[in-house]
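**Q** what's the 3D shape of this:
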Amino acid sequence: MNNIDFILASASPRRKELLERAGYKFVIDASGIDENGFDKAHPIEYAAKLALAKANDVANRHPDMLVLGADTIAACDGLIIGKPADAADAEQITRLLFSKPHKVITAVAVVRICDGLEISRADTTIVYPKKMTDDMIRKHLASGTWEGKAGAYAIQETGDEFVDRLEGSITNVMGLPMEIIAEIFDGLGIKKS
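**A** A predicted model of the protein is given here:
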């Protein structure tokens, strides 16, 4: 795998787009980790464990390559909120998250097995939502944009409609805190093209 800097252990189109826009050279080999087997005791630890597990899953197939894993969750009222299971779950999540400020946490892990490299970091952004009416919630659920998204929404698709303001990184809410990625990769000598 010459001429690439790393492997992205995610099939997320948002993560791919963010990394491409930043000018990194990479390939995708998505992790097959089952997220249900992880303890949800603390939001940052949970996201970090998942990101590391995803990176290691792919790194075991490519021990000489640098692998980037990531996991994004929402946290509100002490609950860890991932991707909704179905429309009813999406409605419950939407009603909770868009009733008060909540946190979006993305953990990233960079692993290379051959030399024991393991870097793990997390970023937290506070999202201040706009109050959603029942009609807005119905339209959101009907649109299907909640599917496969932590917290049942994608800020890059619906942010102006649903979000009043953010404290922190917007790319973190999109699924990859690019400020942290740049710091890690700069430290490893990986430059953008």
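**Q** For the longest strand that the chain contains, give the mean pLDDT please.
**A** In the chain, ranked by residue count with DSSP state E as the criterion, the top strand is strand 117-129. For strand 117-129, the per-residue pLDDT values average out at 96.
**Q** That strand pairs with which strands, and in what direction?
**A** Taking DSSP bridges as the criterion, strand 117-129 sits next to strand 102-112 (antiparallel), strand 163-167 (antiparallel) in its sheet.
**Q** Highest mean neighbour count out of the ones you listed?
**A** Across these, the average number of neighbours (mean count of other CB atoms under 10 Å) peaks for strand 102-112, which reaches a mean of 25. From N, CA and C alone the C-beta is placed, and that goes for glycine too.
**Q** still on that earlier bit, can you tell me what sits against the longest strand of the chain?
**A** Judged by CB atoms under 8 Å, 6 or more residues apart in numbering, the contacts made with strand 117-129 from elsewhere in the structure are 44, 47-48, 51-52, 66, 74, 97-111, 155, 162-170, 172-173, 177, 179-180, 184.
**Q** returning to what we had before: in CSV: the strands paired with strand 117-129, plus mean pLDDT.
**A** CSV is the format used below for these (pLDDT from 0 to 100):
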stretch, mean pLDDT
strand 102-112, 96
strand 163-167, 91
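**Q** want to throw the ones you listed into CSV with distance to residue 21?
**A** Written out in CSV, the entries for the strands paired with strand 117-129 read as follows (distance: least, CB to CB, whole Å):
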stretch, distance to residue 21
strand 102-112, 16
strand 163-167, 19
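**Q** Can you check which of those gets nearest to residue 134?
**A** With respect to residue 134, and counting by CB to CB, the nearest of those is strand 163-167 at 18.7 Å.
**Q** Name the next helix or strand downstream of the closest one, please.
**A** Elements were assigned by DSSP states H and E; along the chain past strand 163-167, the next helix or strand is helix 170-174.
**Q** Report all helices and strands that that next one contacts.
**A** Helices and strands in packing contact with helix 170-174 are listed as helix 13-22, strand 102-112, strand 117-129, helix 155-162; criterion 3 or more CB pairs under 8 Å, 6 or more residues apart in numbering; DSSP states H and E.
**Q** so the helix or strand following that helix versus strand 102-112, what angle?
**A** Once the chain leaves helix 170-174, the next helix or strand it forms, by DSSP H and E, is helix 178-187. For helix 178-187 against strand 102-112, the angle by axes from the mean of the first three to the mean of the last three CA atoms, to 10 degrees is 20 degrees.
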